[in-house]
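Engineer: sequence first, then the predicted structure:
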Amino acid sequence: MANIKSAKKRIKVTEKKTAINRRIKDELKSIIKSYNKALAADDLVGAEELRARAEKKFMQAAAHHTISRQAASHKVSQVTKKLNAAKAAK
């Protein structure tokens with residue numbers, strides 16, 4: 001345990017930021033899960049809405065440095081690619 005006042009403060013700040021980042025990442029995972037369920041159920045309209053929502057949330061997470069910009073772009077690309085493949089299959 002830290003003895004210096006500034007080190008104690010940094011521990012508190014780190015715990016807060018960790019909680020925020022965990023909440024954001026959990027939200028991203030739940031959006032992707034619901035998107036995959038919509039694709040599995042052949043609900044292309046719902047999947048399109050979830051794709052737009054996922055893209056927005058990924059870019060916001062990247063802007064807040066929760067995930068890297070490259071990771072966000074990669075995930076958005078994967079989601080879009082899956083949707084396009086599902087549309088082409090119809």
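Structural biologist: Nice, I can see it. Residues are numbered from 1 along each chain as shown.
Engineer: show me how far stretch 30-41 is from its chain's centre.
Structural biologist: Distance of stretch 30-41 from the chain centroid (Cα atoms, centre = their mean, to the nearest Å) equals 13 Å.
Engineer: most centrally placed residue in this structure?
Structural biologist: L28 (3.0 Å; Cα atoms, centre = their mean).
Engineer: am I right that that one is in contact with F58?
Structural biologist: Yes: in this structure, L28 is within contact of F58 by Cβ atoms under 8 Å, at 6.6 Å. C-betas here are computed from N, CA, C, even on glycine.
Engineer: need the residues touching each of the two.
Structural biologist: I67, K75 (Cβ atoms under 8 Å, 6 or more residues apart in numbering).
Engineer: what's the helix or strand for the residue nearest to the centre of the chain?
Structural biologist: Per DSSP states H and E, L28 falls inside helix 5-40.
Engineer: buried residues, that helix. List them.
Structural biologist: I24, L28, I31, I32, Y35, A38, L39 (16 or more other Cβ atoms under 10 Å).
Engineer: how about stretch 76-90?
Structural biologist: V76, V79, L83, A86.
Engineer: go on, stretch 50-63?
Structural biologist: Across stretch 50-63, burial judged by 16+ other Cβ under 10 Å covers L50, R51, A54, E55, K57, F58, A61, A62.
Engineer: got the contact list for the fifth one?
Structural biologist: Going back to what we said before, that points to K57. E27, L28, I31 are the contacts of K57 under Cβ under 8 Å, 6+ apart.
Engineer: want to throw these into TSV with pLDDT and distance to K9?
Structural biologist: Below are the contacts of K57 laid out as TSV (pLDDT from 0 to 100; distance: Cβ to Cβ, whole Å):
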residue	pLDDT	distance to K9
E27	97	28
L28	97	29
I31	97	34
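Engineer: wait, what's in contact with I24?
Structural biologist: With Cβ under 8 Å, 6+ apart, I24 has these contacts: A61, H64, T66.
Engineer: show me these that map onto helices.
Structural biologist: A61 (DSSP state H).
Engineer: and of the contacts of I24, the nearest to T18?
Structural biologist: Nearest to T18, judged by Cβ to Cβ, of the contacts of I24 is T66 at 10.7 Å.
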